[in-house]
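> With the sequence up front, the predicted model follows.
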Protein chains: 2
Amino acid sequence: MVDRDTCPVCRTAEIVCGKWTLLVIRDLAEGRSRFCELERSLAGISPRTLSLRLRALEEEGIVERQTFPEVPPRVEYVLTPKGQALAPLIEDMRTYGRQWLGVDCAAEPSDEILREPVAAAV
Amino acid sequence: MVDRDTCPVCRTAEIVCGKWTLLVIRDLAEGRSRFCELERSLAGISPRTLSLRLRALEEEGIVERQTFPEVPPRVEYVLTPKGQALAPLIEDMRTYGRQWLGVDCAAEPSDEILREPVAAAV
DNA sequence: CAGATTCGCTTCAGTTCGTGAAGCATTGCG
DNA sequence: CGCAATGCTTCACGAACTGAAGCGAATCTG
């Protein structure tokens, strides 16, 4: 019997296993930082869920939130080192998807995608 | 905007992000193979959820199910190569948990745990 | 011989989680 | 004026998950 509190896989699973959580982190790792940017990238996520995810990740110390008192208001979310440390996980998922699910991001780049060469995995 | 169908991270996330899914896979990778074995190891999972997970993973080709017509009936679940390929993901989670969540499986081995030196990650 | 136990589930009612649409406050643009 | 943009919140609904109970056949316990 595996203890939920002392097992690192369990604890990581708890953090990571909400719907959309990993995709939010991936987007942040790829350079997206604003709420509406994430909302548009993650087609289909409800703003409520995105809000909940970001809040939870902030509480975990995985993302940092900075608000700028402009109009319209601007809020930026950035991965902390603790968040960046999840990058290998996401890389593994990408590798797995390519190898075993026969899919690849390189299929027809849309006109919405950001252009700068962002390194997802350090 | 990321296409849900052509993005390997999304597709992997869909498979992997149900509650308990990754822990079921970890247990299978560690050598547990029977329903009740998994049920006892994953303290707190409902048999319904475990059943659903195993069925879904079977449909995905991640686990294989063998039934033995004994009494009481015996059913064994084993990871396919497609399932074993998820081991690095789980290893990363373990590493992350240890490094950033300050937890470690090596805490007091219980008398229920299997003894053989099973290599979780090939 | 009655009763409990084992296995691999299924069923049910109830709770929690996620969705989709709408709305809000502010201000600039046409 | 009317609409767009931002970063959310609220609400009602459906989907997902839980916890307890049960089942059918055989075998172990008293």
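All right, it came through fine. Numbering: from 1, shown residues only, chains lettered A, B, ... in the order given.

> does A:Glu64 belong to a helix or a strand, and which?
Element membership of A:Glu64 [criterion: DSSP states H and E] is strand A:63-68.

> Now look at that strand and say if it contacts chain B.
No - counting by Cβ under 8 Å from any Cβ of the partner chain, chain B has no neighbours in strand A:63-68; the shortest distance is 13.6 Å. For every residue, glycine as well, the C-beta is placed using N, CA and C.

> Pull out the buried residues from that strand.
By neighbour count on 16 or more other Cβ atoms under 10 Å in any protein chain shown, the buried set for strand A:63-68 is A:Val63.

> Dump the C-alpha coordinates for it into CSV.
Output of strand A:63-68 as CSV, limited to C-alpha atoms (Å, rounded to 0.1, in the frame of the first residue of the first chain):
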residue,chain,number,x,y,z
VAL,A,63,3.3,30.2,-11.3
GLU,A,64,3.7,33.8,-10.3
ARG,A,65,1.1,36.4,-11.0
GLN,A,66,1.9,40.0,-11.7
THR,A,67,-0.8,42.6,-12.2
PHE,A,68,-0.3,45.9,-14.0
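
> which helices and strands does that strand pack with?
If you count contacts as 3 or more Cβ pairs under 8 Å, 6 or more residues apart in numbering or on different chains; DSSP states H and E, strand A:63-68 packs onto helix A:47-60, strand A:74-79.

> and if we set it to 6 Å?
Strand A:63-68 is packed against strand A:74-79, with contacts defined by 3 or more Cβ pairs under 6 Å, 6 or more residues apart in numbering or on different chains; DSSP states H and E.

> who touches the strand holding A:Glu64?
A:57-58, A:74-80, A:83 (Cβ atoms under 6 Å, 6 or more residues apart in numbering or on different chains).

> Same question for stretch A:82-99.
A:25-26, A:29, A:61-63, A:103-104, A:121, B:8-9, B:11-12, B:88-89, B:92, B:96, B:100.

> switch the cut-off to 7 Å
A:22, A:25-26, A:28-29, A:61-63, A:103-104, A:120-122, B:8-9, B:11-13, B:85-86, B:88-89, B:92-93, B:96, B:99-100 (Cβ atoms under 7 Å, 6 or more residues apart in numbering or on different chains).

> which among those residues end up buried?
A:22, A:25-26, A:28-29, A:62-63, A:103, B:8-9, B:11-13, B:85-86, B:88-89, B:92-93, B:96, B:100.

> among those, which are in helices?
Counting by DSSP state H, the part of the buried ones among the contacts of stretch A:82-99 found in helices is A:22, A:25-26, A:28-29, B:8-9, B:11-13, B:88-89, B:92-93, B:96, B:100.

> among those, which are within reach of DNA strand D?
Here nothing survives when these are matched to DNA strand D using Cβ under 7 Å from any atom of the strand.

> Tell me the one of those residues nearest A:Leu42?
The closest of those to A:Leu42 turns out to be A:Arg26 (Cβ to Cβ; 9.4 Å).

> Tell me the confidence at the closest one?
Listed pLDDT for A:Arg26 reads 97.

> Hmm, it is touching B:Cys7, no?
No - with contacts counted by Cβ atoms under 7 Å, A:Arg26 stays clear of B:Cys7, the gap being 9.1 Å.
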